[in-house]
Structures are given as structure tokens and as C-alpha cells.
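In: Sequence and predicted model, in that order:
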Amino acid sequence: MLRIKNLSKSFNMGTDHEINIFNNLNLEIEKNKCTAIIGSNGCGKSTLLNIIGGSIPLDQGQIIIKGKDISKLREEKRALHIGRVHQTPSMGVSPSLTLLENMSLADKKGQNFTLKKLIKKDNIDRYVELLKALDLCLENNLDTKVRFLSGGQRQSLSLVMATMKLPDLLLLDEHTAALDPKTSSVIMKKTNELIAKYSITTIMISHNMKDAVEYSDRIIMLDKGQIVLDTPSIHVTERELIEIYRAKLEQIVA
Ligand SMILES: Nc1ncnc2c1ncn2[C@@H]1O[C@H](COP(=O)(O)OP(=O)(O)OP(=O)(O)O)[C@@H](O)[C@H]1O
Ligand SMILES: [Mg+2]
């Protein structure tokens, strides 16, 4: 489904602050599967998702989705096929617009429209159904401005908006990290339900080993931009993963 071929990326090239993040990285992501990416702070996880999503250009290599090289495609064009949920609840939604306006905007992705014609009454029942599935009573607040929602409610809305057009690929960058443990667990379960229901190919970055083991099909560990572990999730336990993680961190500190 997704192939990353010979990806190389450095930041601040030619300066004293030059950092080489990826050097000929190769990776294939299977269709309809959830792949978790784990690894220590700064190992390149978000950079990888940003390169796939198109918000950061690559230096060399190719990003191929469904056989098509999208490396040169602008971020807005890629967004037609790639859904994203970020770590910060303020990203991915427009706080000054209502839930209905936000969902209508997500629904119009890639289409030309006037603001006057943004909301189509025929679609409201579908939006209500999508929100109902979250069990957060958001369907009763369609006219509430998103800035009044809690972080968990915003992340849930963001998730619904990222998936409502059934993207070829869903990118989750620590999307529950800013939430309290209980809300984080609720949102993770809802995410899993959505991904499973629509068989959405997903890459999920997480620092939560339990979530990685429980909710993904495959786990990839990055270390300094390299894949140091690539395993079916059923072959590792949370405990083993933490031990591997610790051992890697100790190598870094040593
Ligand atoms: N736009 C940028 N310009 C310069 N350096 C950057 C940029 N984006 C990321 N970096 C650097 O690249 C490295 C990898 O960052 P990245 O955000 O990919 O790490 P990460 O694995 O997502 O870490 P975390 O777990 O803390 O989110 C870091 O050293 C970071 O400072
Ligand atoms: Mg990150």
C-alpha cells in the first residue's frame, strides 16, 4: 500500500546544526493493517509522518502510495488520500467554527465550494451518526463552537474528520498523548473501532507500549532514523517491548 524507498532527510544542511535523520530508509506498510511506530524522543517518528503527509519535503527517495510516487505532490493534494490526527487537540480542527462547520469542511475536502454552501442539510444525519459512535454526546452539540470542547472531545472530532472520507492512509502522531489516562484510553478504543470498522490502513506513533501491543498489527521501532525492530504485534508483550526500549535508551545514554 505504502512504500518508502531509499528515503534520506537531513535538517539544517551545511550548518553547524546539521542533523541527518534518515539515510536510505526503506519501509513497506501493508494495506488494511495498523502499524505502530515507537522509538525515543527525536528518533524521527514525526518527521517520517510529516514527510509522508507532505508537510516536510524529503531530500532523496520516494513515497509511493498504491503504486504512485507522491513525493512531489503538494500537501493539500496528498490530504485527499491521507487523513491525519496530530498530538495537539488544537490542530486538525478550526476552534472558531462549530462542529457542524468543521465536519462540513472535512466533507468538502478537495472540492470547490462557497462558504454559503458549506453546510448541506442532507449530510447532517450522517454527521450525527458518526458522532454518535463516539459516545460523547457530541451529536447534541452540532452548533457548538469547537473551542468550547475538551481536549478529548476535540481529538475525537479530529479523528472523525480525518476518517470520514475513508482515506487510503491514516496517520496518527501520538494522538492521545495530550489527554488524561482515562480519556486517552477511551479515544484509543474508539480509534481502534473506527480503523477496524472501515479497515483503514494506519500508521500510529505512540510512546504507550501497551497501546502499541494491543491496538496494532505490527510494531516498528526506530532508533536514530533506522528500523531496529520490526515485528508482528502478537509476537511481543508490553513487558518485552519496554525491555527492548530500555536497552536501546541505555545504549544511547552510554
Ligand atoms: N522542521 C525541522 N527543522 C529542524 N529540525 C527538525 C525539524 N523537525 C524535526 N527536527 C529535528 O529532527 C529530529 C527528529 O524529530 P522528530 O520530531 O521526528 O522526533 P520524534 O521521534 O517525533 O520525537 P518525539 O517522540 O519527541 O515526538 C529532532 O532532533 C528534531 O529537533
Ligand atoms: Mg514526534
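Out: That came through, no problem. Ligands and ions are numbered 1, 2, ... in the order given.

In: what comes into contact with the helix or strand of the chain with the lowest mean pLDDT?
Out: None of the helices or strands of the chain scores lower by mean pLDDT, DSSP states H and E than helix 238-253, at a mean of 82. Helix 238-253 has contacts (CB atoms under 8 Å, 6 or more residues apart in numbering) with 38, 40, 209-210, 212-213, 219, 221, 223, 228-229, 236. Any C-beta I mention is one placed from the backbone N, CA and C, and that applies to glycine too.

In: Going by neighbour count, which residues of that helix are buried?
Out: For helix 238-253, the neighbour count (16 or more other CB atoms under 10 Å) marks 241, 244-245, 248 as buried.

In: Please work out how many residues are found near the residue of the chain found nearest ligand 2.
Out: Distances between the chain and ligand 2 by CB to the ion are smallest at S46, namely 3.1 Å. S46 has 18 neighbouring residues, counting by other CB atoms under 10 Å.

In: Nearest the geometric middle of the chain, what residue?
Out: The centroid of the chain falls nearest to L172 when counting by CA atoms, centre = their mean (1.7 Å).

In: Surely that residue and V85 touch.
Out: Yes. At 5.1 Å, L172 and V85 qualify as touching, with contact defined as CB atoms under 8 Å.

In: Now do the strands in the stretch 151-254 of the chain.
Out: Secondary structure of the stretch 151-254 of the chain (DSSP state E, counting those that start in this stretch): strands at 169-173, 202-205, 218-223, 226-232.

In: Serialize the ones you listed to CSV and add fields for mean pLDDT and distance to ligand 1.
Out: Below are the strands of the stretch 151-254 of the chain laid out as CSV (pLDDT from 0 to 100; distance: least, CB to the nearest ligand atom, whole Å):
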stretch, mean pLDDT, distance to ligand 1
strand 169-173, 97, 7
strand 202-205, 98, 7
strand 218-223, 96, 7
strand 226-232, 94, 12
